[in-house]
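Trainee: Got a sequence here, can you model it:
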Amino acid sequence: MDKINELISDIDSYVWGVPLIVLILFCGILLSSRTGFIQVRKLGKALKYMLMNEENGSGEVSSFAALCTALSATVGTGNIVGVATALAAGGAGALFWMEVAAFFGMATKYAEGLLAIKYRVTDANGNILGGPFYYIENGLGKGWKWLGKLFAVFGLLAGLMGIGTITQINGITSAANNFFDPDSVNTISVFGNDITVTTIVAGLIITLLTALITIGGLKRIASVTEIIVPAMIITYIVSCLMIIFGHITEVPTAIVTIVESAFGIRPMVGGAVGTAIVMQSMRSGVARGIFSNEAGLGSAPIAAAAAKTNEPVRQGLVTI
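Mentor: Numbering: from 1, shown residues only. Here you go, the predicted model:
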């Protein structure tokens, strides 16, 4: 197990190195510039379209349902576990870089949503299919089909080990176990590992509920997330506001600490040590920012492609 953890850690350090951080931020900055910072200019219209369905639009689910399906992977685990791990790995400054990644990532999201509709296809059974693999092939040309297939493989791995299954189930079962059996008293040996009964029961319940939803296909997934995700978001925001207003006098100090940590300008930090801290802060913030907002990851446009709309730009704004 230690060797596996070490291997994953080495891959993580290599993948989320400086080149990828620069690439992600550069892409977001470039798209923001080319669109005239559409995430600022058209935010009001994006919020309007989010709740207003397009008349006579072709697709399988409403734009709002498609948005909720995409958000279901990030709200909760992404916004709680992602922020917590960013803080643990990169310090307070990581939060600043998460916000930077999110702001420029909105332009990336716009491009993803637009391309998802523009290059989506309909299969023989009348199902709408879309996402990065389709707009890579149909947008760049048949000669790039290999890149679409490669993206599909890496997207599967990211969904399994990154934003999706393993991280989500670990976060939920760990929370359940910490609540019902924090001392891990009741355990069962599974393949030589002691696993708590709470973890097993929680895992089985989640598996059953997930199966009941996913077996119904995209329409059932969308109909469920359309109810659950708004409730999650409202609960999340209200809880956060309660915590913030409960510690309102500490907010200014927290903001100063975040900015100082982000740029390594705290009095006790300097030289090579300061540079290393800033790089770690930036690395953790951008990496966990992607986990939290998924901008550029490619999962959101898969859901966006099924939206009932004939206007790629409209769905791009909704995806923001």
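
Trainee: State the distance from Ser292 to Lys219.
Mentor: 27 Å (CB to CB, to the nearest Å). (Glycine included, C-beta is placed from N, CA and C.)

Trainee: higher neighbour count, these two?
Mentor: Neighbour tally, Ser292 and Lys219, criterion other CB atoms under 10 Å: the higher count belongs to Ser292, 24 against 12.

Trainee: Surely that one is in contact with Asn79?
Mentor: Yes. Shown here, Ser292 and Asn79 form a contact pair, counting by CB atoms under 8 Å, at 5.5 Å.

Trainee: Quote the end-to-end distance of stretch 30-48.
Mentor: With CA to CA, to the nearest Å applied, stretch 30-48 spans 26 Å between its terminal residues.

Trainee: any idea of the mean pLDDT in it?
Mentor: For stretch 30-48, mean pLDDT rounds to 93.

Trainee: for the stretch 101-250 of the chain, what spans make up the helices?
Mentor: For the stretch 101-250 of the chain, the helices defined by DSSP state H, counting those that start in this stretch cover 132-140, 145-157, 165-180, 197-214, 217-246.

Trainee: Against which helices or strands is the first one packed?
Mentor: Using 3 or more CB pairs under 8 Å, 6 or more residues apart in numbering; DSSP states H and E as the contact definition, the elements that helix 132-140 packs against are helix 93-118, helix 145-157, helix 300-304.

Trainee: mind showing which ranges of this structure have poor pLDDT?
Mentor: Along the chain, segments meeting pLDDT under 70 span 1-2, 12, 15-17, 76-77, 160-164, 265-275.

Trainee: OK, contacts around Gln39?
Mentor: Ser32, Phe103, Met106, Ala107, Tyr110, Ile320 (CB atoms under 8 Å, 6 or more residues apart in numbering).

Trainee: For it, which non-adjacent residue is spatially closest?
Mentor: Met106 (3.5 Å; CB to CB, 6 or more residues apart in numbering).

Trainee: Roughly how far does that neighbour sit from Asn177?
Mentor: Distance, Met106 to Asn177, using CB to CB: 36 Å.

Trainee: Please apply the same query to Glu99.
Mentor: 31 Å.

Trainee: More neighbours: which of those two?
Mentor: Between Glu99 and Asn177, Asn177 has the larger neighbour count (other CB under 10 Å), namely 20 against 14.

Trainee: I figured the more buried one hits Thr199, correct?
Mentor: Yes. Asn177 lies in contact with Thr199 (CB under 8 Å); the separation is 5.1 Å.

Trainee: so what's in contact with these two at the same time?
Mentor: With CB under 8 Å, 6+ apart, Asn177 and Thr199 have no common neighbours.

Trainee: contacting residues around Gly93?
Mentor: Taking CB under 8 Å, 6+ apart, one finds Ile258, Val259, Glu260, Ser261, Ala262, Phe263, Gly264, Ile277, Val278, Ser281, Met282, Gly285 in contact with Gly93.

Trainee: for Met279, same thing?
Mentor: Val18.

Trainee: from memory Thr225 sits against Phe64, does it?
Mentor: No. Using CB under 8 Å, Thr225 is not in contact with Phe64, being 9.9 Å away.
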